[in-house]
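Chemist: Generate a structure from the sequence data that follows.
(4 chains)
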Protein chains: 2
Amino acid sequence: MQAVTTTATTFDADRVFAALADGTRRDIVRRAMAGEQGIVELSAHYPMSFAAVQKHIAVLERAGLVTKARVGRRKVVRTNVEAIRMAQRLLDRYEQLWRDRIGRMSALLDAPGTDITGTDATEDMHR
Amino acid sequence: MQAVTTTATTFDADRVFAALADGTRRDIVRRAMAGEQGIVELSAHYPMSFAAVQKHIAVLERAGLVTKARVGRRKVVRTNVEAIRMAQRLLDRYEQLWRDRIGRMSALLDAPGTDITGTDATEDMHR
DNA sequence: GCTAGATACAACCATATGGTTGTATCCATG
DNA sequence: CATGGATACAACCATATGGTTGTATCTAGC
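Modeler: All right, here's what the predicted structure looks like:
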């Protein structure tokens, strides 16, 4: 039972979402998710210079979405699925807020006598 | 049973992720998910001009994450939870690719006699 | 220890982004 | 129907981003 590399990911939402906001980078993530990819091989798929692909990979790396590792004389790109999961959890939280609100609305409709005052929705959650 | 407004969202992943790559905009989404928000009230929360907040809302709107609607003399910002869900699904697909790969690896370990040739992982899915 | 393949990085350019201020438009209400 | 509160939008600036080319470094293998 080989220990799965616990990459203790720190999540920078700005960097992660910005990294995902580019089709080329999403395609790199997709390919690397399906199996680790060499950098030269990756760059062959895109209509841009090798250096440009390197930069895209660097952006993904800074966001914590991928890591690079030496394999012989080259380097391969591996994904960090944890970063994707953290992004998912963030979106889940937003969706949950929405769900909660819909829940409150239904509750009000079901119990028309309930006092509404005090349901100030603008409490500070922040961060 | 009131019909939920089916906003038939078209998903532009670039715009959606770019819109989410900013703390102020994520906070606006968060607040609006919990309950529709007036623009003036929103802008009071952030250390920037009213016009800057307007621009952020415009970015969210172009990404399809929020809509604006008149209410009396002002406008309110409402979220489009479908856009969030589509982003989630995209991330789900990436995670699934990873899961599939792990599954294939386990399968190979469990059945050591299997022929591996032909498992070229670089097939074109694109988009 | 040279050499060539692979990767890294710097300098540069064009355009996009996030902020500002100022002005114009819209609309509920006296 | 004039007014003022609320929103929209244009012009401008600084910095970030996505691409290029060119040069430097690293490493496996002869």
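Chemist: near DNA strand D, which residues of chain A show up?
Modeler: A:18, A:21-22, A:24, A:47-49, A:51-52, A:55-56, A:59, A:70, A:72-73 (C-beta under 7 Å from any atom of the strand). Every C-beta, even on glycine, is put in place using the N, C-alpha and C of the backbone.
Chemist: From chain B, how far off is residue A:44?
Modeler: 10 Å (C-beta to the nearest C-beta, to the nearest Å).
Chemist: Angles on the backbone of that residue, please.
Modeler: phi -60, psi -20 (degrees, to the nearest 10).
Chemist: just residue A:75 next, same as before
Modeler: According to degrees, to the nearest 10, residue A:75 has phi -120, psi 150.
Chemist: and it, what is it in contact with?
Modeler: Neighbouring residues of residue A:75 by C-beta atoms under 8 Å, 6 or more residues apart in numbering or on different chains: A:38, A:39, A:68, A:69.
Chemist: Kindly provide the distance from it to residue B:47.
Modeler: 42 Å (C-beta to C-beta, to the nearest Å).
Chemist: show me the contacts for the nearest residue to residue A:64 once chain neighbours are set aside.
Modeler: Closest residue to residue A:64 apart from its sequence neighbours, by C-beta to C-beta, 6 or more residues apart in numbering or on different chains: residue A:83 at 4.7 Å. Shown in contact with residue A:83 (C-beta under 8 Å, 6+ apart): A:9, A:11, A:16, A:63, A:64, A:65.
Chemist: what's the burial count for the third one?
Modeler: The burial count assigned to residue A:16 is 24, neighbours taken as other C-beta atoms under 10 Å in any protein chain shown.
Chemist: Sticking with it, tell me its helix or strand.
Modeler: Element membership of residue A:16 [criterion: DSSP states H and E] is helix A:13-20.
Chemist: Please save the CA atoms from that helix in PDB.
Modeler: Extracted as PDB, the C-alpha positions of helix A:13-20 are listed here (Å, rounded to 0.1, in the frame of the first residue of the first chain):
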ATOM      1  CA  ALA A  13      -8.900  31.100  -4.800                       C
ATOM      2  CA  ASP A  14      -7.800  34.100  -6.900                       C
ATOM      3  CA  ARG A  15      -4.900  32.200  -8.500                       C
ATOM      4  CA  VAL A  16      -6.900  29.000  -9.000                       C
ATOM      5  CA  PHE A  17      -9.900  30.600 -10.700                       C
ATOM      6  CA  ALA A  18      -7.600  32.800 -12.800                       C
ATOM      7  CA  ALA A  19      -5.600  29.800 -13.900                       C
ATOM      8  CA  LEU A  20      -8.800  28.000 -14.900                       C
END
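Chemist: Alongside chain B, which residues does chain A contribute?
Modeler: Within chain A, the positions near chain B by C-beta under 8 Å from any C-beta of the partner chain are A:13-18, A:20-23, A:26-27, A:29-31, A:33-35, A:37, A:41, A:79, A:81, A:84-85, A:87-88, A:90-92, A:94-95, A:97-98, A:100-101, A:121-122, A:125-126.
Chemist: Please flag which of these sit within helices.
Modeler: A:13-18, A:20, A:23, A:26-27, A:29-31, A:33-34, A:41, A:81, A:84-85, A:87-88, A:90-92, A:94-95, A:97-98, A:100-101 (DSSP state H).
Chemist: got the buried residues for the least confident helix or strand in chain A by mean pLDDT?
Modeler: Sorted by mean pLDDT, DSSP states H and E, the helices and strands of chain A end with helix A:81-110, the least confident at a mean of 91. For helix A:81-110, a neighbour-count test (16 or more other C-beta atoms under 10 Å in any protein chain shown) marks A:81, A:83-88, A:90-91, A:94-95, A:97-98, A:101 as buried.
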